[in-house]
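In: Okay, here's the prediction I keep looking at, along with the sequence it came from:
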Amino acid sequence: MGKNSPRFPLSSWLTAAVLSTALAAVLTTVVVVELFARRHAEAQAESTLRQIAWNLRDALDHGMAQHYEQVKVLSALDVFRTGSSADIRRTLNHLKLSFPQYAWVGLTDSRGRVIASSEGLLEGADVAKRPWFGGAQQGMYVGDVHPAVLLEKLLPVQNEPWRFVDVAAPVYGAEGELRGVLGAHLSWGWAREVHARLLDPALATAGAEVLIVASNGKVLLGPPGLEGTDLPKGTLEAASKERLRITIFKVQRLQHQRVFAAVAPTKGDGAYPGLGWQVLVRQPEAQALADYQALRNDILRVGAIVALLSGAAAVLIAKLLATPLRRLARHLNNDEPVRIERIGLFREARQLAEALQRSAERQHRLMTELQDANELLERRVAQRTQVLQETNQQLVDAEQLVKGIANGVPALIGYFDREERCRFANEPAARRYGHTSESVRGLRLQEVLDEQLYAEHAPHIRQALVGEPSHFETTVWRAGRQLHFKVNVVPACDDAQVVNGFYLMTMEVTALAEARQAAAASALRLRTIADNLPVLIAYYDRDLTVQFCNATFKEWVGIDPANAIGRPLRTVIGDTLFNQRRSALQRALAGEQVRFEMQSTALGTTRDLDTTYVPHIEEGRVVGVYSLSSEVTALKEGSAAWRHWREWTCSPACPTGVTSWNDCPRHWPVAVAVKQA
């Protein structure tokens, strides 16, 4: 070997070249596969958490919207306006049996006293200071989660304290006056049931935690030890910037561990405005990327094996490639004829082909392992898809339930967009105008109603489309009878208070209108009779406020009855006359019928009055007093004259010699005349 010969033989260069190429290929493959595998694992974790957050957010919104609409529809039932306490209690008990999520349902009067409730709980209690009663004075009310105040000791004992979400609706009378409030306490256990029904299968496989957080950052529902606590500041800050956006915190630190998290703010549903809850789903990074870590380790192991095999193959290939060259060089140096078959060129070619085949087989095994891992991921995606399908079916069933309730309400209910096109109508409304719920959808209101009836609706619809609710009454002649209807037009607003359409609800109130007319006529007849009787007739409530008095009141007291109604009796008749009657009024308010005679002076005239107080009793309780007073002044004067004449004695000149008119035969006619007078 000469002085200018290379330091390394060709086999070493070939070995280094082949080995470097093999190592570069293996490392590149490992890095690229790992990069794509990690991205895929992160995307899968993000998708899983996002879908879980969406599912629970939508289930909470839809569930609350159902209860919101249930209470709203139930508040319009006639039984809550005109039924007795027993009828209302039966209705509420039936409601609680049908919807066990309600821990308590009750109806108050306009002053906040519970007049009837499910199972009779809190009946007679004063709830005027409760937020749900005050909030429902202005319309539908939904209160955030809070502990039980009045019902804690009345409800059955359970593992965790009772917590409620309040839903309340005003109950209006026939004239639109507030008759009371229908309040429902929705057990917070309902949210835990939704959580268990929708998420437990996903949590078992994904190792995620789900928290429901109030608008003030307090955890309403979550893992043990976190409920009732406040999340660290800034945890949900990104989600609050865009209310409808799911925000992903890829590597966020919560409770000193690296996690993946998804936040889904609730946005309400339909008329239900939402309470600002946010659903936080979080999963430790180690669990979220567990499949990726296992795959990464497999890739590294396979890469190491491939690198070792590639190194051995490189040495062998270099040797096999160098051997023919060495033999060729030896033959050339020795000037021997070159014999290809002895050099072994085709044998090495076959060996090279065999080596390449073995490498292909190893690559195939690697791809098979990757395919198996991909199939495993696809099976897990299929499992998540099945859970989503089941959830969607539950939502469809819930929608059918709401439609069933709407179809069962004795009213015509419809929803129209801003172009007055029907988007929903219950079956009674569709049948009334010769359609079905499907065929009427898309028709404009003007195409359904006749010209005159639409003209009555038009101004109220315009008012609703600018955000102002409206209602009116109309009449329709049908089969020779005049029917009365009450129509409510309510704007349909989204979360941003933008009016997207309006709700139209029509109820037949013919019986109520006829009853009002009959009551007005009866009241007029009674007023005419009372005003023409020569007696003073009045009625006072328990607070001794004048609720009725006839025209004689003005003649005797000098005050117009219209100015006396609604004023305290003491203010109307003065302290002197009131103090004369105070004791008798107190006895009447205690349940005793009182009759007495007394002199009363008013407008400069003194009258002898015979007065009777009759207590007004309802359900064993005195709610007022009827007063009837008749003047007996003439009778008193006649009786006095009669006593005066009887006391007179006969004149000494009387031939009978008797001293009493009663015993004197000559004066009997006079005595009889005086007695008759």
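Out: Looks like it came in fine.
In: number of nearby residues for residue 86?
Out: 9 (other C-beta atoms under 10 Å). The way it works is simple: take the backbone N, C-alpha and C, and place the C-beta from them, glycine included.
In: Now residue 429: phi and psi?
Out: phi -70, psi -40 (degrees, to the nearest 10).
In: any idea how far residue 506 is from it?
Out: Per C-beta to C-beta, to the nearest Å, residue 429 is found 7 Å from residue 506.
In: Among the two, which residue is more densely surrounded?
Out: Using other C-beta under 10 Å as the criterion, residue 429 and residue 506 rank with residue 429 on top: 23 against 19.
In: on that earlier part again, list the residues that contact both of residue 429 and residue 506?
Out: In terms of C-beta atoms under 8 Å, 6 or more residues apart in numbering, residue 429 and residue 506 are both contacted by the residues residue 412.
In: and residue 539, what pLDDT?
Out: pLDDT for residue 539: 90.
In: Was I right to think it contacts residue 623?
Out: No. At 10.4 Å, residue 539 does not count as touching residue 623 under the criterion of C-beta atoms under 8 Å.
In: Just to check, residue 302 is in contact with residue 366?
Out: Yes. Taking C-beta under 8 Å as the definition, residue 302 is a contact partner of residue 366 at 5.4 Å.
In: Buried residues of stretch 41-57, list them for me.
Out: Neighbour-count burial for stretch 41-57 flags 41-42, 44-46, 48-57 (criterion: 16 or more other C-beta atoms under 10 Å).
In: I meant stretch 451-469, not that one.
Out: Buried-residue list, stretch 451-469, by 16+ other C-beta under 10 Å: 454, 457, 460, 461, 464, 465.
In: Just the ones of the buried residues of stretch 41-57 in helices?
Out: 41-42, 44-46, 48-57 (DSSP state H).
In: Farthest pair within those?
Out: 41 and 57 (24.4 Å; C-beta to C-beta).
In: Just the residues contacting stretch 487-504, thanks.
Out: Outside stretch 487-504, the residues that touch it by C-beta under 8 Å, 6+ apart are 243, 267-268, 270-271, 273-274, 412-418, 423, 445, 457, 460-461, 463-474, 505-506.
In: picking that back up, looking at the ones in helices among the buried residues of stretch 41-57, which is nearest residue 95?
Out: Distances from residue 95 to these, taken by C-beta to C-beta, are shortest for residue 56, at 26.4 Å.
In: The closest one - nearest residue in space that isn't next to it in sequence?
Out: With C-beta to C-beta, 6 or more residues apart in numbering as the criterion, residue 56 has its nearest non-adjacent residue at 4.9 Å, and that residue is residue 279.
In: How far away from the center of its chain is the helix or strand where that neighbour lies?
Out: According to DSSP states H and E, residue 279 maps onto strand 278-284. Its chain's C-alpha centre and that of strand 278-284 lie 24 Å apart, by C-alpha atoms, centre = their mean, to the nearest Å.
In: Likewise for stretch 38-48?
Out: Offset of stretch 38-48 from its chain centre (C-alpha atoms, centre = their mean): 35 Å.
In: now stretch 122-140
Out: 16 Å.
In: So for that stretch, mean pLDDT?
Out: 87.
In: which neighbours do residue 539 and residue 623 share?
Out: Joint contacts of residue 539 and residue 623 (C-beta under 8 Å, 6+ apart) are residue 616.
In: And those two? Which one has more around it.
Out: Between residue 539 and residue 623, residue 539 has the larger neighbour count (other C-beta under 10 Å), namely 15 against 12.
In: Specify the local secondary structure of the more buried one.
Out: strand (DSSP: H, G, I helix; E, B strand; the rest coil).
In: ranges for the helices of the stretch 301-450 of the chain?
Out: Secondary structure of the stretch 301-450 of the chain (DSSP state H, counting those that start in this stretch): helices at 340-343, 345-408, 427-432, 445-448.
In: lowest-confidence stretch among the ones you listed?
Out: helix 340-343 (a mean of 48).
In: Just give the closest residue to residue 633, not the sequence neighbours.
Out: residue 608 is the one closest to residue 633 (C-beta to C-beta, 6+ apart), at 4.5 Å.
In: mind listing what residue 473 touches?
Out: 484, 485, 486, 487, 509, 513.
In: Please report the number of neighbouring residues for residue 224.
Out: By other C-beta under 10 Å, 5 other residues sit near residue 224.
In: Tell me, how many residues neighbour the closest residue to residue 395 other than its chain neighbours?
Out: Distances taken as C-beta to C-beta, 6+ apart place residue 62 nearest to residue 395, at 6.3 Å, with adjacent residues excluded. When neighbours are counted by other C-beta under 10 Å, residue 62 registers 18.
In: host element of residue 525?
Out: helix 510-531.
In: and if you look at residue 186?
Out: Residue 186 belongs to strand 178-187, assigned by DSSP H and E.
In: just the CA coordinates of that strand, formatted as CSV?
Out: Output of strand 178-187 as CSV, limited to C-alpha atoms (Å, rounded to 0.1, in the frame of the first residue of the first chain):
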residue,chain,number,x,y,z
LEU,A,178,-101.5,40.0,40.3
ARG,A,179,-103.2,37.2,42.2
GLY,A,180,-100.1,35.5,43.6
VAL,A,181,-96.8,33.8,42.7
LEU,A,182,-96.2,30.1,41.6
GLY,A,183,-92.8,29.1,43.0
ALA,A,184,-90.9,25.9,42.5
HIS,A,185,-87.7,24.8,44.2
LEU,A,186,-85.7,22.7,41.8
SER,A,187,-83.4,20.3,43.7
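In: ok so residue 575 is a strand residue?
Out: No. Counting by three-state DSSP, residue 575 is located in no strand; its state is helix.
In: Burial check on it, number of neighbours?
Out: Using other C-beta under 10 Å, the number of residues around residue 575 comes to 10.
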